[in-house]
Each structure stands twice: as structure tokens, then as C-alpha cells.
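A.B. asks: Here is a sequence together with a model predicted from it:
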Amino acid sequence: MVSFASLSNESLKQIADDVARSLSYAEVANGAAYVTTAVNYPNGTAVVVRLDPEGDEFFVSDDGGGAIAADMFGATSTYPRVAGDVARRFSVQYDHRSFFVSKVGRGKLPAAVALIANASANAVEHVSMALEKQRAKISRELFVNRITEAFGSSAAFDVECRGTTKVWDLDAAVTVDGNIAAVFEYVTPALASVAFAHMKVGDISSMIDRPRTAIVLADYDKTDPPLRQILSSSADAVFAATADIREYQSAT
């Protein structure tokens, strides 16, 4: 292993410069410069900032890159509203396609590039989060409808069920003769949601005299396979919210 204490200031500076160049680089085409930054959109692609000369100054923009990224998320109609809010917060301009600042002097280019890159990435991140919330809401409504259709008057929501260590709040349950026959927990792909469901359902499943346990995934494909495996170790059944009525019924 290299000892940093043995490096001269010149060598360390060279290493730092090499790292900086690997994180950000520029290309020139058709009279404009394109700076690939170290800032990323939620899908992992780097934000590219465009520099157009305006005499002795520059027009700095994301060249519509944020809008294109939002299109890939299926957020074409939502993006302009979110982007307008982000532009005001970052004190930059937005023209319904691109984030930009104009008349930027050469000495202020690094700050302008960083500002535009972060505004563009922030807008796409907010749109992505809004879409995930909407999808989760739709999936949750589907979960409630499936439970209701599958079990009718035997279904109950927001119920309490005793586990080995404590009483837990569950998203849904099926009761027979006043007793809980099965419990259902709705789980999103978020690690915190998975971890809490694993702990909660696992504690109930460890009881000797217990109800059947089922974990219903808001988005089966977006829940990492290893996490699905962990959930399977704590519940009797794990399936998608989009599963048909028979699969819900078979969990009881």
C-alpha cells in the first residue's frame, strides 16, 4: 500500500488532478463546449452542462438534459412544474426545456456549471420521487381492493396482532369467529420498509399459536431478490400487490 506520508506535494497534486479529470471532462462541438460533470441523475447518468460563448461571456445550460431524463421516467407532464420551482430555489432560469444562466464571466464558469448541474439533477430527483409516491399510492389502493374482494366482511385494516415480544400494527388481517386467522403487511422496496416488515412479521411468525403471515410487495420487481429472500424467511407467503385474488386467498 502506498504511504501518503511519503508523497511530495507535487505528486499529491498530480494524483488529485488525475482524480478530478476522471470525474469531469469536456468536449467541444459545433461552437459549444459540453462539460460532463460528477453530478448524476437518479438513473446514474452524468449531468452534462453546455457552454455557449456570448462575446466575452457565456450562456450556461443543461441543454434540456433534465427534461430528457424526466421523459425516461415517464414524467414529461410533471417535469416543467417541478423544474420551475427548482429554478427559483437555485436562483437560475428555466425556459420550459432547459435550466440556464446567461452572461457568465469566465471566472464564474465553475460556479455556474455546478449550479446548473445540481439544479437539473435536483429537478429530476424530485420528479422521480413524486412518481414513486404516486405509484405507491396506486399500489396501496390495489392492495386494499384485493384484500376486500378476496375476504369481504372478514377483512379488517390497520389491526393489532400480538407477536413474541410485543403487539404490532398490521396493514390488514382476516378474522374468523373473532380470531385473527391471517395478517398481511404491505411493503415498499425501500430498505427501511423491508427491514421493519421482516422484524414485525418475523416476531409474529415465531409464535407457536399464531395466524398465517403474508407480505405483499408494492413493487415486486423493484424489490431486490436478496431482500425478497429475507422476507420469505419471516413470512408464510410473499407476493406482489398485483397478484390475483386466488393468491391472496391462498395465503390464509
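C.D. replies: Thanks, I have it. Predicted, not measured: the structure shown is a model, and the values here were computed from it.

A.B. asks: measure R212 to S205 for me?
C.D. replies: 9 Å (CB to CB, to the nearest Å). For glycine as for every other residue, the C-beta is placed from the backbone atoms N, C-alpha and C.

A.B. asks: which residues are in contact with both of the two?
C.D. replies: Common neighbours of R212 and S205, using CB atoms under 8 Å, 6 or more residues apart in numbering, are D236.

A.B. asks: so how far does stretch 142-160 reach from one end to the other?
C.D. replies: One end of stretch 142-160 sits 22 Å from the other (CA to CA, to the nearest Å).

A.B. asks: mean confidence score for it?
C.D. replies: In this model, stretch 142-160 has a mean pLDDT of 94.

A.B. asks: now swap in stretch 213-224 and tell me
C.D. replies: pLDDT averaged over stretch 213-224 gives 93.

A.B. asks: repeat for stretch 245-252
C.D. replies: 93.

A.B. asks: quick one: contacts of that stretch?
C.D. replies: Taking CB under 8 Å, 6+ apart as the rule, stretch 245-252 contacts 146-147, 149-151, 174, 181-182, 184, 212, 214, 216, 236-237, 239.

A.B. asks: Filter those down to the ones in helices?
C.D. replies: Judged by DSSP state H, helices contain the following of the contacts of stretch 245-252: 146-147, 149-151.

A.B. asks: Contacts only, for the residue lying closest to L191 once chain neighbours are set aside.
C.D. replies: Leaving aside its chain neighbours, L191 sits nearest to L227 (7.4 Å; criterion: CB to CB, 6 or more residues apart in numbering). By CB under 8 Å, 6+ apart, L227 lies in contact with 189, 191, 194.

A.B. asks: count of residues packed around the spatially closest residue to A150 that is not a sequence neighbour?
C.D. replies: Once flanking residues are discounted, A150 sits nearest to Y248: 4.2 Å by CB to CB, 6+ apart. If you count neighbours by other CB atoms under 10 Å, Y248 ends up with 25.

A.B. asks: Now Y248. Its backbone dihedrals?
C.D. replies: For Y248, the backbone dihedrals are phi -60, psi -40 (criterion: degrees, to the nearest 10).

A.B. asks: returning to that earlier point: quickly check the contacts of stretch 245-252 for the two that are furthest apart.
C.D. replies: E149 and D236 (20.7 Å; CB to CB).

A.B. asks: Looking at the two, which is more packed in?
C.D. replies: Ranked by neighbour count (other CB under 10 Å), E149 and D236 place D236 first, with 17 against 12.

A.B. asks: which residues touch stretch 57-64?
C.D. replies: 34, 47-53, 97-106, 109, 112-113, 116-117, 119-120.

A.B. asks: can you check stretch 143-161 too?
C.D. replies: Looking at what lies outside stretch 143-161 - CB under 8 Å, 6+ apart - the contacts are 167-176, 180-181, 183-184, 186, 204, 211, 216, 218, 241, 243, 245, 248-249, 252.

A.B. asks: confidence score at A130?
C.D. replies: In this model, A130 carries a pLDDT of 85.

A.B. asks: burial of it, as a residue count?
C.D. replies: Other residues near A130 come to 16 when the count uses other CB under 10 Å.

A.B. asks: Check A156 too.
C.D. replies: Neighbours around A156, by other CB under 10 Å: 15.

A.B. asks: Am I right that it is in a strand?
C.D. replies: Yes: applying DSSP: H, G, I helix; E, B strand; the rest coil, one finds A156 inside a strand.

A.B. asks: Quick check: beta-bridge partners of it?
C.D. replies: A173 (DSSP bridges).

A.B. asks: separation between it and T213?
C.D. replies: 15 Å.

A.B. asks: what's the answer for E57, then?
C.D. replies: Taken as CB to CB, the span from E57 to T213 is 65 Å.

A.B. asks: Show me how far the helix or strand hosting A130 is from its chain's centre.
C.D. replies: Following DSSP states H and E, one finds A130 within helix 109-151. For helix 109-151, the separation from the chain centroid amounts to 7 Å (computed by CA atoms, centre = their mean, to the nearest Å).
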